[in-house]
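> Next input, structure requested:
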Amino acid sequence: MYLVGFMGSGKTTSGRILADRWEVPFVDLDLAFESMSGRTIRETFETHGEAYFRERESELLRGTATLARAVIALGGGTFTFPENVRFVKEHGVSVFLDPPFDALAARLAEKAADRPLFGSLESARMLWEARRPFYKMADWPLDVDQETTPGEVAGRLALLLDPGNAGGR
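As a prediction, this is how the structure comes out:
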């Protein structure tokens, strides 16, 4: 299962909980990139640029094809590239975690310094609006309101797709 959505949508937290429940590996592409490169995403953007990061991100995504079953949290921009959308659709099931922007803004305010594309609330809203059409290409949308806990999201994901009959990840 590939979790799709904007930064701060709960992909990592909910994905970890779901992977633990299903007893399958959990991969967060952003964390995997940082672990493998020894740099934060922000540092990579600053030293090598976004295009370099996106190439490495796509390589990491393709590496998930070797996993028989897993929960994979995509970076906020991963699913905005057609080749990545095709890959995900060929190798698993995608779910768009879709909280309202106000909930995202509240979450992101605490971590804005870590997010290279979060310049201001206005620029974040514009990026969110630009990415939503791509996110909506996911197999399943999952509305998440501000009060929904990560455990509740994981529970809803588990009900949506049981790993025994998910047809992939």
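> What is the lowest-mean-pLDDT helix or strand in the chain packed up against?
Here the helix or strand of the chain ranked lowest by mean pLDDT, DSSP states H and E is helix 101-109, holding a mean of 81. Under the contact definition 3 or more C-beta pairs under 8 Å, 6 or more residues apart in numbering; DSSP states H and E, helix 101-109 sits against helix 121-135. Quick note: C-beta positions are derived from backbone N, CA and C, even for glycine.
> tilt between the helix it packs on and helix 101-109?
If you take axes from the mean of the first three to the mean of the last three C-alpha atoms, to 10 degrees, helix 121-135 sits at 120 degrees to helix 101-109.
> So for the helix or strand following helix 121-135, what gets flagged as buried?
Counting by DSSP states H and E, the element after helix 121-135 in chain order, helix or strand, is strand 140-143. Neighbour-count burial for strand 140-143, counted by 16 or more other C-beta atoms under 10 Å, picks out Leu142.
> and the helix or strand where Phe33 lies, how far out from the chain's middle?
Phe33 is part of helix 29-37 when elements are defined by DSSP H and E. In terms of C-alpha atoms, centre = their mean, to the nearest Å, the centre of helix 29-37 is found 13 Å from the chain centre.
> Same check on stretch 44-61?
Distance of stretch 44-61 from its chain centroid, counting by C-alpha atoms, centre = their mean, is 15 Å.
> begin at 47 from here
Will do, 47 is the new start, and the previous item becomes stretch 90-107.
> mean confidence for it?
Stretch 90-107 carries an average pLDDT of 94.
> Now tell me what touches it from outside.
75, 78-79, 82-83, 85, 87, 120-121, 123-124, 127, 129-130, 133-134, 162 (C-beta atoms under 8 Å, 6 or more residues apart in numbering).
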